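> coordinates only, sequence not included:
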Ligand code: SF4
């Protein structure tokens, strides 16, 4: 979508922002490879965090040593790599977990294992970008949520009148077309729109 948007707008560089439901490592990497700056927050699905244990972000990665440092200051060293859902993952753990005083806050297993995708650095850089620009999520909210609110509340499209993909897709396209026309008329006026369409 980002690539299509860049083509449609006719620009070289582009920043894209999406909510956490769209967080997918491979897609974010594809943006990076295409020179598109992505802003997508991580989903909050950590079971460790939900259980009150240390989240993965409590473990600090050192690229030069290729190891993590845990909240107890121990080194989690690289152990093995495996392919999970087509992604090359590296696995790290420390041998000190069993004698660690923080273990109950860390893991119910013998060792706390931390996994790292081979392109994790791209995700980490995006996280730093998001921290530096917290307003990006507000921009998303006020630009992306607004059309849906307008479609539902002002234009009365509160539910679909058709069924099945083809019907719903056509209905949604008509709603979006109507919204876009209303918006353009608001910005450049009806006359301006007619002129632009005739050009
Ligand atoms: S349990 Fe292991 S990984 Fe967790 S804090 Fe202790 S030493 Fe570090």
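That came through fine. What you see is a predicted model; the values in this text were computed from it and never measured.

> Please compute how far the helix ranked longest in the chain lies from its chain's middle.
What stands out as the longest helix in the chain, according to DSSP state H, is helix 164-198. With C-alpha atoms, centre = their mean, to the nearest Å as the basis, helix 164-198 stands 28 Å off its chain's centre.

> Is the helix or strand of the chain with the lowest mean pLDDT in proximity to the ligand?
Within the chain, no helix or strand scores below helix 47-50, which has a mean of 75 by mean pLDDT, DSSP states H and E. No: using C-beta under 6 Å from any ligand atom, helix 47-50 stays clear of the ligand, with a minimum separation of 10.2 Å. To be clear about C-beta, it is placed using only N, CA and C from the backbone, and glycine gets the same treatment.

> do the same with stretch 59-71
Yes: contact of stretch 59-71 with the ligand (C-beta under 6 Å from any ligand atom) involves 70, 71.

> now what about that stretch, what contacts it?
54, 58, 75-78, 92, 94, 102, 105-106, 112, 114, 116, 120-121, 124 (C-beta atoms under 8 Å, 6 or more residues apart in numbering).

> gap between the two ends of it?
7 Å (C-alpha to C-alpha, to the nearest Å).

> in that stretch, what counts as buried?
Residues of stretch 59-71 classed as buried by neighbour count (16 or more other C-beta atoms under 10 Å): 59, 61, 67, 68, 69, 70.

> Just the closest of those to the ligand, please.
Within these, the smallest distance to the ligand is 3.1 Å, found for residue 70 (C-beta to the nearest ligand atom).

> any idea how far the closest one is from residue 141?
35 Å (C-beta to C-beta, to the nearest Å).

> same check, this time on residue 15
For residue 15, the distance to residue 141 (C-beta to C-beta) stands at 16 Å.

> same question, residue 167
30 Å.

> again with residue 126
In terms of C-beta to C-beta, residue 126 sits 18 Å off from residue 141.

> what do you get for residue 10?
In terms of C-beta to C-beta, residue 10 sits 26 Å off from residue 141.

> more crowded one of these two?
It is residue 141, of residue 10 and residue 141, that has more neighbours when counted by other C-beta atoms under 10 Å, with 12 against 6.

> a helix runs through that one, doesn't it?
Yes: the assignment for residue 141 by DSSP: H, G, I helix; E, B strand; the rest coil puts it in a helix.
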